[in-house]
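Peer 1: Build me a model:
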Amino acid sequence: MRQFRAAFVAAVLVPAAAGAQTRDGVFELGTVEVIGERESAAAQFAVERVDAETMQALHTRDLSEALDLLPGVTLENVGQRRERLVSVRGFSSRQVPLFIDGVPVYVPYDGNVDLSRFGIDYVSEIIVSKGLASVLYGPNILGGAINVVSRRPTAPLETSFEVGAEMGERGDSLRSRVSGSVGGISGNWYAHLTASHVDSEGYSLADDFEPTPAQPDRKRRNADSRDTVISAKLGYVAGRGDEYALSYYRQDGEKNVPPYAGTAPGVQARFWQWPFWDKESFYFTARNGIGGAGTLRWRLYHDSFSNSLSSFDDETYSSFTRPYAFEGSVYDDYTFGGNADFEWSWSAAHATRTAVHWKQDVHREVDDVDSPEERYEDRSWAFAVEHEWRVTPALTLTPGYAYTVQQGRRAENFDGSEILLFEVGRADGDNAQLVAAWSATPTGALIAGVSRKTRFPTIKDRFSFRMGAAIPNENLGPETAQHYELGWTEKRERWDLRVALFQADIDDAIENVIIDADLCTSPNPTCFQQRNIGEQRNRGAELALGWRPLDTLRLDVQVSLLDRDNRTSPDIRPLSTPERKYRLAARWQPVAGWTLKADAQHESERYSTTDGARVADDFTLVHAFVRYEPVPRIGIEAGARNLTDELYAYQEGFFEPGRTWLAQIDYRY
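Peer 2: Predicted coordinates for the structure are as follows:
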């Protein structure tokens with residue numbers, strides 16, 4: 001393995017060319033693919049973006065809904081936890097980590113983060129890299145990476161204000177939202193501040209819902225939530241393109257979890273509430289020109305996450321006497337670290353990019369109000385290098401390699417009487433990639449690539465007892481995936497096209513193995529342990545077509561096809577991912593000042609349990625909005641989500657809102 005690493009590094013540490021174009025409002029220091037002056041050729045074709053204009057036009061309320069606009073990305077709802085996650089080509093959120101301005105912000109304990117808690121008012125664009133994600137991202141990008149890039153002001157003064165409300169069919173279940181931002185440039189300095197607050201009283205279900213004991217009517221029980229988000233940035237641009245920026249992000253949330261409302265046998269409703277769900281990040285980013293041909297960008301960051309969960313006896317949410325009940329299970333996590341990437345442009349045909357990452361994760365938890373704190377620590381680091389070689393003006397080859405390491409530092413367990421220590425170990429992984437981009441015509445390009453990516457098991461994967469239903473496995477190793485992709489992009493004056501064929505072969509996948517029930521304190525109904533035994537295959541196709549038949553009309557069509565196989569255990573069903581997803585969107589400006597927008601999406605059924613007993617049915621959603629601008633910079637909008645009042649769920653028994661009506665007014669300067 002060491003010979004392989006040495007050979008690969010030697011192959012890519014040869015001359016290379018740099019690059020990136022500045023885009024209005026985008027905080028370029030927050031990107032990963034762009035270090036110097038130009039975006040790499042591989043990234044131009046391998047990444048997909050959702051820009052702020054699209055998110056605003058379709059009234060996406062959070063990151064999960066914004067990501068759902070892309071082909072190959074499907075939304076998930078972990079119903080019992082009320083967590084909105086996404087799947088990217090069948091890879092879960094744990095396998096496709098989240099970054100904000102290149103800073104990892106996923107929760108250290110389980111690698112997930114509830115995307116519905118993150119607003120989008122501070123966002124300039126969301127970049128999604130799939131199987132051919134750049135190795136410069138660092139560890140754990142098994143299925144890709146999601147990078148949320150914040151805004152950067154471009155004028156002396158920029159302001160915006162927005163207020164809106166949504167309500168159900170009967171005028172109840174109000175969801176109100178207010179947001180504002182202010183920023184600007186003065187000399188070499190720039191600053192930007194965004195704040196938003198959302199207060200939701202819950203939601204109503206569709207007319208077709210049939211009551212159950214835990215959900216006796218259409219007014220969804222225990223479904224209220226509140227979120228406040230603040231994002232701030234202060235930057236300084238020095239001579240020779242040097243730039244420095246200090247950023248701050250804070251999210252304060254509170255959410256309750258609607259109980260299970262399905263009819264599957266043996267599924268018990270739980271009564272959970274999160275009194276707080278908070279996240280805070282500080283990070284410093286800098287870019288420095290070196291020697292005329294080099295660019296160094298570096299980041300330092302501290303990210304914290306805390307929440308509290310209470311499990312009540314019943315629907316009264318007043319007592320904690322039953323075996324499954326507990327009060328105030330607290331997570332108090334933080335991460336600190338840094339990364340640096342360097343680009344050297346040797347000539348117009350060659351550029352080399354390298355990156356170094358270092359990160360310390362700390363998870364602290366208290367299982368009940370009378371329990372002591374347990375502490376877990378992991379340290380990870382990575383070295384990555386990629387080389388861009390423009391073989392001809394039309395053909396570019398980009399090989400890359402990353403070596404990643406996870407070092408366990410501490411893992412504690414309270415057994416009811418004392419704190420015991422788990423054994424902790426070290427794991428490493430080799431990641432390699434080769435991407436070819438060929439501009440075959442003046443308007444079209446072919447991209448082909450192969451890559452090998454790894455993901456280390458989380459603290460939860462290795463050490464959790466799963467409330468007495470599992471036995472930990474501190475020797476759990478990394479998962480690996482071999483990606484193969486072939487794609488074509490076409491950009492014409494009136495239309496654009498993107499097609500991709502892909503396959504990912506996953507080895508050492510972490511799966512549950514049933515073991516003797518007597519080994520667990522609370523088997524449910526069995527006892528299991530997670531082990532690296534799985535072989536899986538994800539393959540499929542994606543199509544995205546945009547067409548402007550008129551200057552005032554834009555149509556978009558998307559098709560996402562996915563086939564997931566568990567090759568080790570074919571009877572185990574893949575969870576939470578539909579095999580088919582279709583989307584059709586239209587935006588029309590019939591006269592000046594008026595815009596009509598419609599968005600329709602169909603998703604096939606998906607499994608909610610690995611035995612196939614619980615299935616979330618297929619569904620079709622239609623959203624429609626109208627916008628009127630009486631004067632420049634002021635907009636008034638109205639519309640409806642789920643216009644046909646479809647009864648649907650991403651996880652069986654945890655139903656989403658029925659038809660809701662929306663009204664909004666906004667001002668932008």
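Peer 1: pLDDT below threshold where in the chain?
Peer 2: Residues of the chain that meet the criterion pLDDT under 70 lie in 1-23, 37.
Peer 1: What are the boundaries of the strands in the stretch 351-500 of the chain?
Peer 2: All strands of the stretch 351-500 of the chain, identified by DSSP state E, counting those that start in this stretch, fall at 374-390, 395-414, 419-421, 426-438, 444-455, 479-491, 495-515.
Peer 1: could those be laid out in JSON lines, adding distance to residue 354 and mean neighbour count?
Peer 2: For every residue, glycine as well, the C-beta is placed using N, CA and C. Formatted as JSON lines, these follow (distance: least, C-beta to C-beta, whole Å; neighbours: other C-beta atoms under 10 Å):
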{"stretch": "strand 374-390", "distance to residue 354": "5", "mean neighbour count": "21"}
{"stretch": "strand 395-414", "distance to residue 354": "10", "mean neighbour count": "20"}
{"stretch": "strand 419-421", "distance to residue 354": "37", "mean neighbour count": "11"}
{"stretch": "strand 426-438", "distance to residue 354": "14", "mean neighbour count": "20"}
{"stretch": "strand 444-455", "distance to residue 354": "18", "mean neighbour count": "21"}
{"stretch": "strand 479-491", "distance to residue 354": "22", "mean neighbour count": "19"}
{"stretch": "strand 495-515", "distance to residue 354": "26", "mean neighbour count": "18"}
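Peer 1: Okay, and residue 638 sits in which element?
Peer 2: strand 634-641 (DSSP states H and E).
Peer 1: Name the strands paired with the helix or strand that comes right after that strand and say parallel or antiparallel.
Peer 2: Moving toward the C-terminus from strand 634-641, the next helix or strand (DSSP H and E) is strand 649-651. Strand 649-651 sits in its sheet next to strand 654-655 (antiparallel), going by DSSP bridges.
Peer 1: what's the strand it pairs with in contact with?
Peer 2: 77, 79-80, 205-206, 209, 220, 258, 260-262, 647-649 (C-beta atoms under 8 Å, 6 or more residues apart in numbering).
Peer 1: same thing with stretch 290-301?
Peer 2: Applying C-beta under 8 Å, 6+ apart, the set of residues contacting stretch 290-301 is 18, 29, 35-37, 101-103, 281-289, 335-346.
Peer 1: swap in stretch 206-222?
Peer 2: With contact meaning C-beta under 8 Å, 6+ apart, stretch 206-222 is reached by 169, 172-173, 202-205, 256-263, 269, 271, 273, 315, 317, 642, 645-648, 655, 657-659.
Peer 1: Neighbour count for the contacts of strand 654-655 - can I get that in TSV?
Peer 2: Output for these, formatted as TSV (neighbours: other C-beta atoms under 10 Å):
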residue	neighbour count
77	20
79	23
80	17
205	25
206	18
209	16
220	25
258	24
260	21
261	23
262	19
647	16
648	18
649	19
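Peer 1: among those, which two are most distant?
Peer 2: 80 and 206 (21.1 Å; C-beta to C-beta).
Peer 1: Which one of the contacts of strand 654-655 is nearest to residue 128?
Peer 2: Nearest to residue 128 out of the contacts of strand 654-655 is residue 77 (C-beta to C-beta; 19.3 Å).
Peer 1: So what are the sheet partners of the strand or helix carrying that closest one and their directions?
Peer 2: Using DSSP H and E, residue 77 sits within strand 73-78. Paired strands of strand 73-78, with direction, are strand 83-88 (antiparallel) (DSSP bridges).
Peer 1: gap between the residue lying closest to residue 358 once chain neighbours are set aside and residue 337?
Peer 2: Once flanking residues are discounted, residue 358 sits nearest to residue 381: 4.7 Å by C-beta to C-beta, 6 or more residues apart in numbering. Residue 381 is 9 Å from residue 337, where distance means C-beta to C-beta, to the nearest Å.
Peer 1: what sits in contact with each of these two?
Peer 2: Counting by C-beta under 8 Å, 6+ apart, the common neighbours of residue 381 and residue 337 are 357, 358, 359.
Peer 1: Buried members of those residues into ChimeraX, please.
Peer 2: Typed into ChimeraX, the next command selects the buried ones out of the shared contacts of residue 381 and residue 337 (criterion: 16 or more other C-beta atoms under 10 Å):
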select :357,359
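Peer 1: Just the buried ones from the contacts of stretch 206-222?
Peer 2: Neighbour-count burial (16+ other C-beta under 10 Å) is assigned, among the contacts of stretch 206-222, to 169, 173, 202-205, 256-262, 269, 271, 273, 642, 645-648, 655, 657-659.
Peer 1: Leaving out chain neighbours, which residue sits closest to residue 522?
Peer 2: The spatially closest residue to residue 522, leaving aside those adjacent along the chain, is residue 468, at 3.0 Å (C-beta to C-beta, 6+ apart).
Peer 1: now do residue 186
Peer 2: Spatial nearest neighbour of residue 186, excluding adjacent residues (C-beta to C-beta, 6+ apart): residue 156 at 6.9 Å.
Peer 1: try residue 279
Peer 2: Spatial nearest neighbour of residue 279, excluding adjacent residues (C-beta to C-beta, 6+ apart): residue 251 at 4.5 Å.
Peer 1: tell me which element that neighbour falls in.
Peer 2: strand 243-256.
Peer 1: Quick one: name whatever helix or strand follows that strand.
Peer 2: Counting by DSSP H and E, the next helix or strand C-terminal to strand 243-256 is strand 271-290.
Peer 1: what's the angle from that following strand to strand 83-88?
Peer 2: Taking axes from the mean of the first three to the mean of the last three C-alpha atoms, to 10 degrees, strand 271-290 and strand 83-88 form an angle of 50 degrees between their directions.
Peer 1: longest single strand anywhere in the protein?
Peer 2: The longest strand of the chain (DSSP state E) is strand 527-550.
Peer 1: which residues make contact with the following helix or strand past that strand from outside it?
Peer 2: Counting by DSSP H and E, the next helix or strand C-terminal to strand 527-550 is strand 553-566. Contacts to strand 553-566, defined as C-beta under 8 Å, 6+ apart, come from residues 71-74, 89-90, 534-549, 572-574, 577-589.
Peer 1: nearest to residue 435, of the contacts of strand 654-655?
Peer 2: Among the contacts of strand 654-655, and counting by C-beta to C-beta, the member closest to residue 435 is residue 77, at 33.5 Å.
Peer 1: Please consider this matter closed, and thank you.
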